[in-house]
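Colleague: A predicted structure for the sequence below; I have some questions about it.
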Amino acid sequence: MKHTTEKITTYEPDNSLRKGYRFIFGEIFNELKKNRWLIFQLFKRDFFTIYKQSFIGVLWAVVIPIVSVGTFIVLNQSGVFAIGDIDVPYPIYAVLGMAFWQLFSTGLIASSNSLVSAGSMITKINFSKKSLVIASTGQAIVSFLIQIFLIVILFVYYGLKPNIAILLIPITMIPMMLLTLGLGFILSILNGIMRDIGKIIVVLMTFLMFLTPVLYAKPTTGILATVTKYNPLYYLVSVPRELVLKGTISEWKGFLIASIASFIIFIICLIVFHLTETRVAERI
């Protein structure tokens, strides 16, 4: 009697975590490398979609900080709100703060809406959904670069020169961009599942801006002073601004902690997005 051995094949659900984090990061790197052209094309699409039917176009990036700064000047002069002691002309101080703040705010709002805005594209075309999130943050970078011209004009108007440490700004912006991207990955997924998230983020950004010393000096007493002490966004905004104005970093410890936290948040959110993007796409 002849015995035959049957080959049994066992199918298991794909679980990238079993392959290790080194494999996951390798996958992510290869995906981004493969989709780098797509990221640029998505960025161009978003850019022209926003500004092509706008009367003043990219100048909106300048209008928003001017209106915000003007509002705080009026409130300060009327005695409703105290800006605090500032060693430089207030418009320079405030517009610098707004530029760095909007790098976070604009980027987070755009990235959180990136999957929803893509519509049926994410289900009909097979591509890395990270491309959508990354491309959307390009809007914030463009707005930041436009606001730099406004800052230069203000420096010329007041006869001041930025400190040479301004050359370090690209480095100090990295933690802010990592935090923006990391939160953008998670919020884009949540917004795809529950659309209220996008509207909540817009309201939350306005609320956070008033809680963060962006348009006023750091409080020294009261509840707001305590909140500011533990607010990582304060350090991510104030340190680049201080480098431009003074060339020094007085609160380097807070900035270091905020930078490390931003990096950790980015890594965790990136991994979670990578492991869930294909499943979440089916629900958007």
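Modeller: Cool, the structure landed.
Colleague: ranges for the strands of the chain?
Modeller: Shown for the chain, no strands are assigned by DSSP state E.
Colleague: Find the residue ranges of it scoring beneath the pLDDT cut-off.
Modeller: 1-21, 47-62, 72, 75-82, 280-284 (pLDDT under 70).
Colleague: Spatially central, which residue of it would that be?
Modeller: Thr180 (2.8 Å; C-alpha atoms, centre = their mean).
Colleague: show me what contacts that one?
Modeller: The contact partners of Thr180, by C-beta atoms under 8 Å, 6 or more residues apart in numbering, come to 103-104, 107-108, 111, 137, 140. Every residue, glycine included, has its C-beta placed from N, CA and C.
Colleague: How about it: what's its closest non-neighbour residue?
Modeller: Of all residues not flanking Thr180 in the chain, Gly107 sits nearest, at 4.1 Å (C-beta to C-beta, 6 or more residues apart in numbering).
Colleague: Please apply the same query to Phe185.
Modeller: Phe273 is the one closest to Phe185 (C-beta to C-beta, 6+ apart), at 3.9 Å.
Colleague: got the contact list for the one you found?
Modeller: 129-130, 133, 185-186, 188-189.
Colleague: Also Ile109?
Modeller: 198, 201-202, 205.
Colleague: Generate a ChimeraX selection restricted to the buried subset of those residues.
Modeller: ChimeraX command restricting the contacts of Ile109 to the buried ones, with burial defined by 16 or more other C-beta atoms under 10 Å:
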select :198,201,205
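Colleague: Which of the contacts of Phe273 sits closest to Ile28?
Modeller: Within those, distances to Ile28 taken as C-beta to C-beta reach their minimum at Lys130, with 7.4 Å.
Colleague: How much space separates that closest one from Thr220?
Modeller: 42 Å (C-beta to C-beta, to the nearest Å).
Colleague: out of the two, which sits in the busier spot?
Modeller: Neighbour count, other C-beta atoms under 10 Å: between Lys130 and Thr220, Lys130 has more, with 21 against 10.
Colleague: hang on, Leu150 packs against Pro65?
Modeller: Yes - between Leu150 and Pro65 there is a contact at 7.1 Å, judged by C-beta atoms under 8 Å.
Colleague: quick one: common contacting residues for those two?
Modeller: Val95.
Colleague: In the longest helix anywhere in the chain, which residues are buried?
Modeller: Ranked by residue count and defined by DSSP state H, the top helix of the chain is helix 252-281. For helix 252-281, the neighbour count (16+ other C-beta under 10 Å) marks 254-255, 258-259, 261-262, 265-266, 269-271, 273-274, 277, 280-281 as buried.
Colleague: Same question for stretch 205-221.
Modeller: 205, 208-209, 212-216, 219.
Colleague: cool, and stretch 186-193?
Modeller: Those would be 186-192, for stretch 186-193 by 16+ other C-beta under 10 Å.
Colleague: Next step: those residues restricted to helices.
Modeller: 186-192.
Colleague: Which single one of the contacts of Ile109 is nearest to Thr228?
Modeller: Nearest to Thr228 among these, with distances taken as C-beta to C-beta, is Met205, at 17.1 Å.
Colleague: Give the closest residue to that closest one in space, chain neighbours not counted.
Modeller: Ser105 (4.6 Å).
Colleague: again with Phe155
Modeller: Pro162 (6.1 Å).
Colleague: separation between the one you found and Gly107?
Modeller: Taking C-beta to C-beta, one finds Pro162 at 23 Å from Gly107.
Colleague: between these two, which one's more packed in?
Modeller: A count of neighbours by other C-beta under 10 Å puts Gly107 above the other of Pro162 and Gly107, at 26 against 18.
Colleague: Could you double-check that that one lies in contact with Gly184?
Modeller: Yes - counting by C-beta under 8 Å, Gly184 is a contact partner of Gly107 at 6.7 Å.
Colleague: Which neighbours do these two have in common?
Modeller: In contact with both Gly107 and Gly184: 136-137, using C-beta under 8 Å, 6+ apart.
Colleague: Show me which of the contacts of Thr180 is closest to Leu245.
Modeller: Leu103 (17.3 Å).
Colleague: List the residues that contact that closest one.
Modeller: So Leu103 contacts 140-141, 143-144, 173, 176-177, 180 (C-beta under 8 Å, 6+ apart).
Colleague: Now flag whichever of these is closest to Leu96.
Modeller: Once C-beta to C-beta is applied, the member of the contacts of Leu103 that ends up nearest Leu96 is Phe144, at 11.0 Å.
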